[in-house]
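Asks: structure for this input, please:
(chains A and B)
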Amino acid sequence: MGLDFSVVPAFAGALFSGALWTIAITLSAAVLSFFGGIVFAVIALYAPLVIRYPFRLFAWLFMGTPLLLQLFLIYFGLIQIGIDLPAFVAGVIGLGLHFAVYNSDIIQAGILAVDKGQYEGARTLGLSRIQTLRKVVVPQAVRSVVPPIGNNMIALLKDSALVSVIGVAELTLSSQMAISRTFRPFEFYVAAAACYYVINLGLEAGLRRIERRIQLAR
Amino acid sequence: MSDRPIIDIRHAAKSYGPLEVLKDISLQVQKGRIVAIIGPSGSGKSTLLRAINDLDPLSSGEVWLDDIQVNKALPPRQYETHINSVRQNIGMVFQHFNLFPHLTVRDNITLAPKMLKGISKAEADQLAVEQLNKVGLLDRIDYYPSQLSGGQKQRVAIARALAMKPKVMLFDEATSALDPELVEEVNLVMKQLAEEHMTMIIVTHEMGFAQDVCDRVLFMDQGVVVEEGPPEVIFRNPSNERTKNFLRKHLKGQH
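Replies: The predicted structure is shown next:
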């Protein structure tokens, strides 16, 4: 049985909608992981110990266990304690928090790398500790770590395929559904891979634009 | 001009473990006066300056700004509120400028006034224009610090401090990090402030500048004020051996 890519166009609509879901889930989780990463980094560095230690345990759990398991837990497990999340929302929360913990590590390093003079400059003007963090330190820290955060976002895009297992009809699940109707795994997995690649190109172009825009302001 | 000092440092002392960096220093500065602090590196002059806004807290002694004690012993949260409001009245200029690189010149100047004085965006912009005009950099208002020369950065840093309308300005080796040809433009701005009777305390290695601009010069060494007086006395006719030595080394090669 040879390869026959002519079966793919008939499912173009399904793949396209799957690609849109992949983009939606990636962008939502990216935003959550970015702002979550900032909040986590500030907690990890500055919160009182009673908050910092439980937070470390939480971060360690997210880094030390498989993302797949976390998605199962959020989607199937939470129902038992009365939290019934739509699959899309569960996927965004799972992916977003998971990558927020990774982003937090990077942003912490960025915060620690901000020059001491920046704190002094802000504090001598009369800005409070929190105002200094919010307006001077964190914005600079985030700018300095855009490239590694960008790498995380590319990893996030690829890991978004995992939410297919909780039933979000994103690109991977869409291609699997096409396969189950046509029995043509090679053709549809290749088609899906091509879609991921194109989305990735778009993401990278977006990241490069951000890097260029902040180049002066560093 | 009243005789009551605007800055009053009483018996300031500071030590790091066994190392005493400031030993019982008292200093009064009247409104509108300009004081230069000179001395070899490690003499404690920057530490003294940074104690005035409690950036480097003293081990003992008091710092007063008008009738407010700057380094009041308070519980942490109250101290934070207290020191933030005190610092709004004390402008500080650093050796390495400490401009915020992620903000334009305009936003560098207006950040603190907007956040702390509750002024509108239009008022803040007006303030930025005024201050930049003063330091001759209005045409750079939308630039980022990375696009400015060292001298321009320092002039923006001065404008930023002035925008808070401080009662006192502290200069911590403001020209030491600059290329020689850029020193003069910063000195000019400081001279202009002197003519406007801004109260200034200046830690400097520029003996010529100290001589031209200051009312009084303090020579510090090893944590004490060795000698102080009007510049013509300190520079032309110092009485202390250590002062003479320092000046001999320092004036050699200048001019």
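Asks: can you tell me the SS state at the residue of the stretch 51-200 of chain B found nearest chain A?
Replies: Using C-beta to the nearest C-beta, the closest approach of the stretch 51-200 of chain B to chain A is made by residue B:98 at 3.3 Å. Using the backbone N, CA and C atoms, a C-beta is placed for each residue, glycine as well. The assignment at residue B:98 comes out as coil when based on DSSP: H, G, I helix; E, B strand; the rest coil.
Asks: neighbours of it, how many?
Replies: The number of residues packed around residue B:98, counting by other C-beta atoms under 10 Å in any protein chain shown, is 25.
Asks: please apply the same query to residue A:133.
Replies: Counted with other C-beta under 10 Å, the neighbours of residue A:133 add up to 21.
Asks: show me the contacts for the residue lying closest to the residue of the stretch 51-200 of chain B closest to chain A once chain neighbours are set aside.
Replies: Among residues not flanking residue B:98 along the chain, residue A:121 sits closest, at 3.3 Å (C-beta to C-beta, 6 or more residues apart in numbering or on different chains). Contacts for residue A:121 (C-beta atoms under 8 Å, 6 or more residues apart in numbering or on different chains) come out as A:136, B:94, B:98-100, B:157.
Asks: contacts for the worst-scoring helix or strand of chain A on mean pLDDT next, please.
Replies: Of all regular secondary-structure elements in chain A, judged by mean pLDDT, DSSP states H and E, the least confident is helix A:49-64 with a mean of 92. With contact meaning C-beta under 8 Å, 6+ apart, helix A:49-64 is reached by A:40, A:43-44, A:47, A:70, A:97-98, A:101-102, A:104.
Asks: centre of the chain to that helix, how far?
Replies: The gap between the average C-alpha position of helix A:49-64 and the chain average comes to 19 Å, counting by C-alpha atoms, centre = their mean, to the nearest Å.
Asks: who does the next helix or strand after that helix touch, helix- and strand-wise?
Replies: Using DSSP states H and E, the helix or strand that follows helix A:49-64 in sequence is helix A:67-72. Helix A:67-72 sits against helix A:87-113, with contacts defined as 3 or more C-beta pairs under 8 Å, 6 or more residues apart in numbering or on different chains; DSSP states H and E.
Asks: how distant is the helix or strand following the helix it packs on from the center of its chain?
Replies: On the C-terminal side of helix A:87-113, the nearest following helix or strand under DSSP H and E is helix A:116-125. Average the C-alpha atoms of helix A:116-125, do the same for its chain, and the two points are 33 Å apart (C-alpha atoms, centre = their mean).
Asks: what's the mean pLDDT across helix A:116-125?
Replies: Across helix A:116-125, pLDDT averages out at 97.
Asks: show me what counts as buried in it.
Replies: By neighbour count with 16 or more other C-beta atoms under 10 Å in any protein chain shown, helix A:116-125 contains the buried residues A:118-125.
Asks: what's the answer for stretch B:8-25, then?
Replies: Taking 16+ other C-beta under 10 Å as the criterion, stretch B:8-25 shows B:8-10, B:12-14, B:20-22, B:25 as buried.
Asks: what of stretch A:21-28?
Replies: Of the residues in stretch A:21-28, A:21-28 count as buried by neighbour count, 16+ other C-beta under 10 Å.
Asks: good, we can wrap up now.
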